[in-house]
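S.K.: Following is a predicted model, sequence given first.
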Amino acid sequence: MITIMITIVTMIMKSMNNYLKNLNKEIESAIVQEIKKQAEILKTPIISTEGINLLIQLIRIGNYGKVLEIGSAIGYSAIMMALNTRCRVTTIEKNEDSFNLAKQNIARANLAGRIDLILGDALEVEVKGLYDLIFIDAAKAQYLKFFDRYKNNLKSGGIIVCDNLLFHGMVGNQESVEQKRIKSLVKKIDDFNHALIDFVDFDTYIYEIGDGMSISIKK
Ligand code: SAH
Ligand code: MG
């Protein structure tokens, strides 16, 4: 049932173009508009509109109560999930400036009661408890480590969503990447994508939504 629903949602999202961008109602309160402006000024790479809309629909379909996010940045995606569903979000951020800004933004959105913000490296902090959905959106070279570490915090039947798996289209176009450092990062993401598809305890698909997003369902 949920697999069918996810397929339907993602099929709908995939065909997002200008027509749909205009047609789909943007879920935007004044505070959300402001956070988006902050992100633009600070060049913080927040999730795409179609990406956050997909996450919100997944949480609604699954009626998920507990979400864990790796990589809060300034709080945009956590705030959007909490504002538009009934879930509680735990979110981890290692950069102190981003953490402080996220804290302010969460307070201004009146969501301090439903979003727990943790300062620290997600590969070091200890997170207890089980979650319905885990959203991985931190350092791209470390995705395998995040996945390995946090899959134990996922309920059976829960899902893991990853962002930026196509990395601006470069992952499907590796020969055209010249800079050595970026080439090596793109290769790492490609390796992760293959590993993700091959995990036997998860059913995974990767979609061309936003910057490339995966949905992995724990068997
Ligand atoms: N999810 C946010 C965007 C996150 S950008 C949104 O869509 O609104 C990625 C963030 O992950 C950055 O702020 C970066 O500081 C953080 N990050 C990178 N590696 C991390 C790690 N190991 N632990 C915690 N945060 C990390
Ligand atoms: Mg991202």
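M.R.: Okay, I see it. Ligands and ions are numbered 1, 2, ... in the order given.
S.K.: tell me the SS of Asp97?
M.R.: helix (DSSP: H, G, I helix; E, B strand; the rest coil).
S.K.: What's the local residue count around it?
M.R.: Neighbours of Asp97 under the rule other C-beta atoms under 10 Å: 10. All C-beta atoms are positioned from the backbone trio N, CA, C, and that covers glycine.
S.K.: now swap in Glu34 and tell me
M.R.: Residues near Glu34, counting by other C-beta under 10 Å, number 13.
S.K.: which parts of the strand or helix carrying it are buried?
M.R.: Using DSSP states H and E, Glu34 maps to helix 30-42. Buried positions in helix 30-42, judged by neighbour count with 16 or more other C-beta atoms under 10 Å: Ile31, Val32, Ile35, Lys36, Gln38, Ala39.
S.K.: what's the next helix or strand after it packed up against?
M.R.: Using DSSP H and E, the helix or strand that follows helix 30-42 in sequence is helix 49-62. Contacting helix 49-62 under the criterion 3 or more C-beta pairs under 8 Å, 6 or more residues apart in numbering; DSSP states H and E are the following elements: helix 2-14, helix 76-84, strand 131-136, strand 154-162, strand 213-218.
S.K.: now the angle from helix 49-62 to helix 76-84?
M.R.: Here helix 49-62 runs at an angle of 40 degrees relative to helix 76-84 (axes from the mean of the first three to the mean of the last three C-alpha atoms, to 10 degrees).
S.K.: got the CA coordinates for helix 49-62 in CSV?
M.R.: In CSV, the C-alpha atoms belonging to helix 49-62 read as follows (Å, rounded to 0.1, in the frame of the first residue of the first chain):
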residue,chain,number,x,y,z
THR,A,49,10.6,22.9,-3.1
GLU,A,50,9.6,19.6,-4.8
GLY,A,51,11.9,17.7,-2.5
ILE,A,52,10.4,19.1,0.7
ASN,A,53,6.9,18.6,-0.7
LEU,A,54,7.7,14.9,-1.3
LEU,A,55,9.0,14.6,2.3
ILE,A,56,5.9,16.2,3.7
GLN,A,57,3.6,13.9,1.7
LEU,A,58,5.6,10.8,2.8
ILE,A,59,5.1,11.9,6.4
ARG,A,60,1.4,12.4,5.8
ILE,A,61,0.9,9.1,4.0
GLY,A,62,2.7,7.2,6.7
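S.K.: Wondering if whichever helix or strand comes after it reaches ligand 2 at all.
M.R.: Next along the chain after helix 49-62, taking DSSP H and E as the criterion, comes strand 66-70. No - applying C-beta under 5 Å from the ion, one finds strand 66-70 separated from ligand 2 by no less than 10.5 Å.
S.K.: Could you spell out the sheet neighbours of strand 66-70, each with its direction?
M.R.: Sheet pairing for strand 66-70, assigned by DSSP bridges, gives strand 88-93 (parallel), strand 131-136 (parallel).
S.K.: Can you give me the pLDDT of the residue lying farthest from the centre of the chain?
M.R.: In the chain, the greatest distance from the average C-alpha position (C-alpha atoms, centre = their mean) is reached by Glu178, at 27.5 Å. At Glu178, the predicted lDDT confidence score is 94.
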